[in-house]
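In: Compute the structure for the input listed below.
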Amino acid sequence: MSNFRVFSLAFVVAGMFVLGAARSPVLAEAAQVEVEAGPIWSQADAERKCPEVAKANGAAWTGRWRTTVPGRMSVCSLKVLGRRKYDIIDAEAGPIWSQADAQRKCPDVARTNGGAWTGAWRTTVPGRMSVCELRVPRLKG
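Out: Purely as a prediction, here's the structure:
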């Protein structure tokens with residue numbers, strides 16, 4: 001089973017992959033980054049996928065993308081907007097059977113939780129439960 005992780009070639013965000021359900025806040029500095037988006041098949045497909053990847057990363061899509069592994073992986077070029085604080089959390093999604101299944105389920109889980117799916121997911125109880133990794137606005141307090 002695939003466990004897709006958002007990965008930045010030009011910019012690594014500290015704390016993004018810390019283990020645990022509630023993770024460290026992420027501070028994004030102004031920068032240009034390339035972030036994995038799964039396979040992108042065409043410009044039209046990029047125009048659907050890259051804005052979601054940008055939203056999940058507190059960034060704006062530059063309109064540029066490229067394939068890194070033919071048929072398997074592409075990256076979207078993003079411009080990170082200012083300083084934003086986010087928490088990275090895992091939200092239960094029921095069983096997820098594949099990356100394609102995650103791409104159907106996790107955006108709905110993200111909307112329900114007021115966040116954006118990072119593209120990452122993992123199985124916690126085989127055949128019974130998986131979690132989607134979400135970026136949610138950090139609550140002030």
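In: make it CA atoms for all contacts and neighbour counts henceforth
Out: Fine.
In: Can you tell me the closest non-neighbouring residue to Val136?
Out: Of all residues not flanking Val136 in the chain, Gly115 sits nearest, at 4.3 Å (CA to CA, 6 or more residues apart in numbering).
In: and Val69, how many residues sit next to it?
Out: Residues near Val69, counting by other CA atoms under 10 Å, number 11.
In: Confirm for me that the residue nearest to Val136 is in contact with Glu133.
Out: No - Gly115 lies out of contact with Glu133 (CA atoms under 8 Å); the separation is 9.8 Å.
In: Look up phi and psi at the nearest residue to Asn57 once chain neighbours are set aside.
Out: Ranked by CA to CA, 6+ apart and with sequence neighbours excluded, the top spatial neighbour of Asn57 is Thr118, at 7.1 Å. Main-chain dihedrals, Thr118, degrees, to the nearest 10: phi -80, psi -10.
In: circling back to that earlier point, check the residue nearest to Val136 and give its pLDDT.
Out: Predicted confidence (pLDDT) for Gly115: 84.
In: I'd like to know how many residues surround it.
Out: 22.
In: Please state the offset of stretch 122-135 from the chain centre?
Out: Stretch 122-135 has its C-alpha centroid displaced from the chain centroid by 14 Å (CA atoms, centre = their mean, to the nearest Å).
In: Now that stretch: buried residues?
Out: Arg122, Thr123, Ser130, Val131, Cys132, Glu133, Leu134, Arg135 (16 or more other CA atoms under 10 Å).
In: Counting by contacts, list what the helix or strand containing Asp45 packs against.
Out: Take DSSP states H and E as the rule and Asp45 turns out to sit in helix 43-56. Using 3 or more CA pairs under 8 Å, 6 or more residues apart in numbering; DSSP states H and E as the contact criterion, the elements in contact with helix 43-56 are strand 32-38, strand 59-69, strand 73-80, strand 116-125.
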